[in-house]
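1. Below: sequence and its predicted model.
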Amino acid sequence: MNSLIDLSHPITDSMQIYPDDEPPHLEKFNDLELEGYNNYRFDTGMHVGTHIDGPLHMTPQGQFIDEIDINRFTGKGYLLHAKGEPVIQCKPVYDSKIENECIVVIYSGWSRMFGQENYYEDFPTLSIELAHLFVEKKIKMVCLDFPSPDRKPYPIHKLLFSNNILITENCTNVEKLMAIKEFEIIALPLCVHADSSPARVVARELHSSQS
């Protein structure tokens, strides 16, 4: 059985959120001992914790997240090691290593700051040259272990979205992929009629016979 690595932050009532976003609200409103069953209510925006941004998030055209071909949420993964780079640059090796229509996972190490005050302030970003390479390679998705590929006015978001590239933000445990030769990403959003969605993102180790 192939091992799975969970790249998702758990959603909790007190989790850190993007500044000015509404916090999620998770509460228990039926109790097993009192009523014979447990039940919880969950009220949230679509951009809490580990989540997938769809093109409709920042572009006028695009499908709702539940309308996007489900095959775009899974694919062969490529780990891009960028720890310590405040702006993640495009390097010649990426052109030969990144396969067409793969899913790129970026390891910056920033997820260790999740929950700390500066998590949404000093995070790394992607260079425009790297974003253009992703477009050239027609990747399905880029997964980040930090909050966003860019800052206002969000040129990287818009470039990727206009080329049908999904963005998964706030991944964690990405360092565990360094010990794996080949893997695939399974990043499934809720089947929700919205621009984006919280997601459970996992990596599944591939053996050579499956690659």
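-> Sure, I can see it.

2. For this structure, which strand extends over the most residues?
-> Longest strand of the chain, by residue count under DSSP state E: strand 196-205.

3. which residues sit against that strand?
-> Residues outside strand 196-205 that contact it (C-beta atoms under 8 Å, 6 or more residues apart in numbering) are 2-8, 11, 44, 46-54, 56-57, 65, 77, 105, 143, 168, 171, 176-177, 180, 182-190. Where C-beta positions appear, they are placed from N, C-alpha and C, glycine not excepted.

4. residues near the closest residue to residue 141 other than its chain neighbours, how many?
-> Distance criterion C-beta to C-beta, 6 or more residues apart in numbering; nearest residue to residue 141, sequence neighbours excluded, is residue 166 at 4.1 Å. Residues lying near residue 166 (other C-beta atoms under 10 Å) number 25.

5. Touching, residue 166 and residue 54? I think so.
-> Yes: counting by C-beta atoms under 8 Å, residue 166 touches residue 54, with 6.3 Å between them.

6. what is in contact with the two at once?
-> Contact criterion C-beta under 8 Å, 6+ apart; residues bridging residue 166 and residue 54 by contacting each: residue 68.

7. give me the low-pLDDT residue ranges for the chain?
-> Counting by pLDDT under 70, the chain shows low-confidence ranges at 1-2, 208-211.

8. just the helices in it please.
-> Counting by DSSP state H, residue ranges of the helices within the chain are 32-35, 92-97, 128-137, 155-162.

9. on contacts alone, who are the packing partners of the last one?
-> Other elements packing on helix 155-162 under the criterion 3 or more C-beta pairs under 8 Å, 6 or more residues apart in numbering; DSSP states H and E are helix 128-137, strand 166-169.

10. Just the buried residues of the contacts of strand 196-205.
-> Buried residues within those, defined by neighbour count using 16 or more other C-beta atoms under 10 Å: 5, 7-8, 11, 44, 46-54, 56-57, 65, 77, 105, 143, 168, 171, 177, 183-187, 189-190.

11. how long is stretch 86-99 end to end?
-> End-to-end distance of stretch 86-99 (C-alpha to C-alpha, to the nearest Å): 25 Å.

12. which parts of that stretch are buried?
-> Buried residues in stretch 86-99, counting neighbours by 16+ other C-beta under 10 Å, are found at 88, 90, 94, 98.

13. Tell me which residues touch residue 126, please.
-> Counted by C-beta under 8 Å, 6+ apart, residue 126 has contacts 87-88, 106, 142, 149-150, 156.

14. Out of the residues you listed, list just those in strands.
-> Using DSSP E, the contacts of residue 126 in strands are 87-88, 106, 142.

15. nearest to residue 128, of those residues?
-> residue 87 (9.7 Å; C-beta to C-beta).

16. With residue 125 as the reference, measure out to the closest one.
-> Between residue 87 and residue 125 the computed distance is 6 Å (C-beta to C-beta, to the nearest Å).

17. Perfect, that will be all.
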